[in-house]
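J.: sequence and predicted structure, then a few things I'm wondering about:
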Amino acid sequence: MIRVPRPPSVHSLSTDSTDPLAAVLRPPSSETEEERKSRLQREAEAKQISDRIDEEISQDEKKFKKRKQDVKLLLLGQAESGKSTLQKQFQLMYNPSSLEEERLSWRSVVYYNIARPVKRILDALDAIAEGEEEEGSGSEAVSGTPDTSGRLASSSSHFEGTSLDQGSSSLHASSSKPDQDAQLINLRSRLAPLVAAESSLANYLSGGVSVAGSGKGNVFVRTGWQARSLVSFGKSKNGRSSFTGQRSSLENSPSRTSNRESVRSQEESNAFLENVGNIVDASKEDVKELWEHPAVKKLRGGRKFRLEEWAEFFLDNITRVAAAGYVPTTDDILHARIQTMGVAEHIFDVAVHGRSVTWHLYDVGGARGQRHTWIPYFDDANAIIFLAPISAYDQYLDEDPRTNRIDDSLQLFTHICSNPLLKKVHLVLFLNKIDVLQSKLARGVKVKK
Ligand SMILES: Nc1nc2c(ncn2[C@@H]2O[C@H](COP(=O)(O)OP(=O)(O)OP(=O)(O)O)[C@@H](O)[C@H]2O)c(=O)[nH]1
Ligand SMILES: [Mg+2]
């Protein structure tokens, strides 16, 4: 066997013969040329891996340093105070292309925002009819109506004489309006497909997750819901996720699933939305008729039933929204209402004094059952925008109908202000919905307290 002098390897660089580690790592003196080559190769590979790890650590350190300079902004406030709407406005200003990418996905929310109030109106009419039925049971006017089209039909005669009936208080006296009642019965049955679409839309938007205590049954969505209804999904130009850099959107995105699955679910999603779009289109005249019906006008004028501003907005715009090929306008997106679940992170690059600063905007769910999710974000927050809807002085929480919404906002604001974790955080109080306040005051709704 030919022996050749060994060139120094990475392990044999130590000249210190007393170094115990060098002694352990030193190759055996009987090493053959082949063994030496293979050892050198192994050592070179190990060095490459080690260098790569060093590089990753250094990149992480840089990212960490940069992240420390990032601005972390929390949007806090009760449900429906306008946090997500403010986030959309940030998105419009600082990342408009991402809003463009999401635009079509908002159709599902807009359709839901139509089907939901239609169902609520019909349910309220039903409840009134049922109340009257109980009150009037035993009366001769109650009997004799064949039960042909659901609850409204079974109580059709009771619409005559209910509070829906323009001031008439007796079943007999109100029989002068049989046409109106028949109209409502017909509307109820013609609107049945739209009412059925409400629950499928809720299921579709929430991904099947239902949340206890969700007030009037509004649907809660997690960040990334758009992925379920986007025609195409991809990275935006700046390489970030389509959803303004939402952190958890990526967890739900089709990129996690196989290509074939994602194409199939995309096709199913498109077919579902097209079907719902057709139902909305086919129902538009009936929705208009219901919306303008004297019984519904009376219902809206009363104290017990309240439709939110967004519901009124979409019902007022039903013809435009129901048209074939509808694409939500920016105004529609700003009006669209869907409850936030948990915390959604949105990332924007904002130019401040000529320097680009990365902002992390945290949009939280404001309903009482969601507020515990805020706390982990208090630790390293730089600023808070606290939204209080100043118009809500005559409204109560969905999740607790005994609590006035201004009282709740005040309590929540007091808690935030006194939280020791937020001692150094900049706090902005944002009195929102001034336009709603103005229109309420103009309508003569009194601020009693
Ligand atoms: N008229 C009017 N409507 C507003 C204003 N700000 C928000 N809204 C509407 O109020 C509704 C609720 O707003 P969101 O932004 O979804 O409320 P949120 O605080 O995110 O609610 P949660 O996600 O449940 O915590 C939406 O339909 C918005 O269009 C405002 O200043 N004026
Ligand atoms: Mg929200």
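T.: Cool, got the structure. Ligands and ions are numbered 1, 2, ... in the order given.

J.: which parts of this structure sit against ligand 1?
T.: Within the chain, the positions lying close to ligand 1 (Cβ under 6 Å from any ligand atom) are 77, 79-85, 309-310, 334-335, 337, 339-340, 365-367, 432-433, 435-436. (Each C-beta comes from the backbone N, C-alpha and C, glycine too.)

J.: tally of neighbours for residue 380?
T.: 13 (other Cβ atoms under 10 Å).

J.: just residue 320 next, same as before
T.: 12.

J.: before we move on, back to that, in helices only, show me the residues of the chain next to ligand 1.
T.: Among the residues of the chain next to ligand 1, the residues falling in helices (DSSP state H) are 83-85, 309-310, 334-335, 435-436.

J.: could I have the buried ones of these as PyMOL selection syntax?
T.: The buried residues among these can be selected in PyMOL (16 or more other Cβ atoms under 10 Å) with this line:
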select buried, resi 83+84+85+310+334+335+436
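
J.: TSV for the ones in helices among the residues of the chain next to ligand 1, including distance to ligand 2?
T.: Shown next, in TSV, are these (distance: Cβ to the ion, whole Å):
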residue	distance to ligand 2
83	5
84	3
85	8
309	15
310	12
334	12
335	13
435	19
436	17
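
J.: which one of the ones in helices among the residues of the chain next to ligand 1 is nearest residue 121?
T.: residue 310 (14.5 Å; Cβ to Cβ).

J.: that closest one contacts residue 333, doesn't it?
T.: No: using Cβ atoms under 8 Å, residue 310 is not in contact with residue 333, being 11.3 Å away.

J.: which parts of stretch 87-96 are buried?
T.: 87-88, 90-91, 94-95.

J.: please produce a markdown table containing those, extended by secondary structure and pLDDT.
T.: Listed next are those as a markdown table, based on DSSP: H, G, I helix; E, B strand; the rest coil; pLDDT from 0 to 100:
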| residue | secondary structure | pLDDT |
| --- | --- | --- |
| 87 | helix | 96 |
| 88 | helix | 96 |
| 90 | helix | 95 |
| 91 | helix | 94 |
| 94 | helix | 93 |
| 95 | coil | 92 |
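
J.: ok now do the closest residue to ligand 2 within the stretch 201-350 of the chain, which residues does it touch?
T.: Closest to ligand 2 within the stretch 201-350 of the chain is residue 340: 3.2 Å, counting by Cβ to the ion. With contact set as Cβ atoms under 8 Å, 6 or more residues apart in numbering, residue 340 has these partners: 83-84, 220-221, 223, 363-366, 370.

J.: quick check: phi and psi at the spatially closest residue to it that is not a sequence neighbour.
T.: Nearest non-adjacent residue to residue 340, counting by Cβ to Cβ, 6 or more residues apart in numbering: residue 365, 4.2 Å away. Residue 365 adopts backbone torsions of phi -80, psi 130, taken as degrees, to the nearest 10.

J.: next one: residue 365 from ligand 2, what distance?
T.: 6 Å (Cβ to the ion, to the nearest Å).

J.: my guess is that residue contacts residue 338. True?
T.: No: using Cβ under 8 Å, residue 365 is not in contact with residue 338, being 10.7 Å away.

J.: comparing these two, which residue is more hemmed in?
T.: Using other Cβ under 10 Å as the criterion, residue 365 and residue 338 rank with residue 365 on top: 23 against 19.

J.: for the more buried one, what are its contacts?
T.: Taking Cβ under 8 Å, 6+ apart, one finds 79, 220, 339-343, 371, 373 in contact with residue 365.

J.: at 7 Å instead, please
T.: Residue 365 is in contact with 220, 339-342, 373, counting by Cβ atoms under 7 Å, 6 or more residues apart in numbering.

J.: part of a strand, is residue 351?
T.: Yes: judged by DSSP: H, G, I helix; E, B strand; the rest coil, residue 351 forms part of a strand.

J.: among the contacts of residue 340, which ones are in strands?
T.: Among those, the members found in strands (DSSP state E) are 220-221, 363-364.

J.: can you say which of the contacts of residue 340 are buried?
T.: Burial by neighbour count, 16+ other Cβ under 10 Å: within those this picks out 83-84, 220-221, 223, 363-366, 370.

J.: could I have stretch 198-205 exported to PDB, CA atoms only?
T.: Taking C-alpha atoms only, stretch 198-205 is exported to PDB below (Å, rounded to 0.1, in the frame of the first residue of the first chain):
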ATOM      1  CA  GLU A 198     -78.300  33.100   3.200                       C
ATOM      2  CA  SER A 199     -77.300  30.100   5.200                       C
ATOM      3  CA  SER A 200     -75.200  28.600   2.400                       C
ATOM      4  CA  LEU A 201     -73.400  31.900   2.000                       C
ATOM      5  CA  ALA A 202     -72.800  32.100   5.800                       C
ATOM      6  CA  ASN A 203     -71.300  28.600   5.700                       C
ATOM      7  CA  TYR A 204     -69.200  29.400   2.600                       C
ATOM      8  CA  LEU A 205     -67.800  32.600   4.100                       C
END
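
J.: would you mark the buried spots in it?
T.: 198, 201-202, 204-205.

J.: quick one: mean pLDDT for that stretch?
T.: In this model, stretch 198-205 has an average pLDDT of 90.

J.: how far off centre is it?
T.: Taking Cα atoms, centre = their mean, to the nearest Å, one finds stretch 198-205 lying 13 Å from the centre of the chain it belongs to.

J.: ok so, going back, and the pLDDT for the residue of the stretch 201-350 of the chain closest to ligand 2?
T.: So residue 340 comes in at 93 (pLDDT).

J.: try the one 5 residues further on
T.: Reading off the per-residue confidence, residue 345 sits at a pLDDT of 93.

J.: who does the strand or helix carrying it pair up with?
T.: Per DSSP states H and E: residue 345 is located in strand 343-352. Strand 343-352 has the following strand partners under DSSP bridges: strand 355-364 (antiparallel).

J.: which other helices and strands contact the helix or strand following the strand it pairs with?
T.: With elements assigned by DSSP H and E, the helix or strand that comes after strand 355-364 is strand 383-389. Applying 3 or more Cβ pairs under 7 Å, 6 or more residues apart in numbering; DSSP states H and E, we find strand 383-389 packed against strand 71-76, helix 83-94, helix 405-418, strand 426-432.

J.: what strands line up against strand 383-389, and which way round?
T.: strand 71-76 (parallel), strand 426-432 (parallel).

J.: who's in contact with it?
T.: By Cβ under 7 Å, 6+ apart, the list of residues contacting strand 383-389 from outside reads 71, 73-77, 80-83, 86, 405, 409, 413, 416, 422, 425-433.
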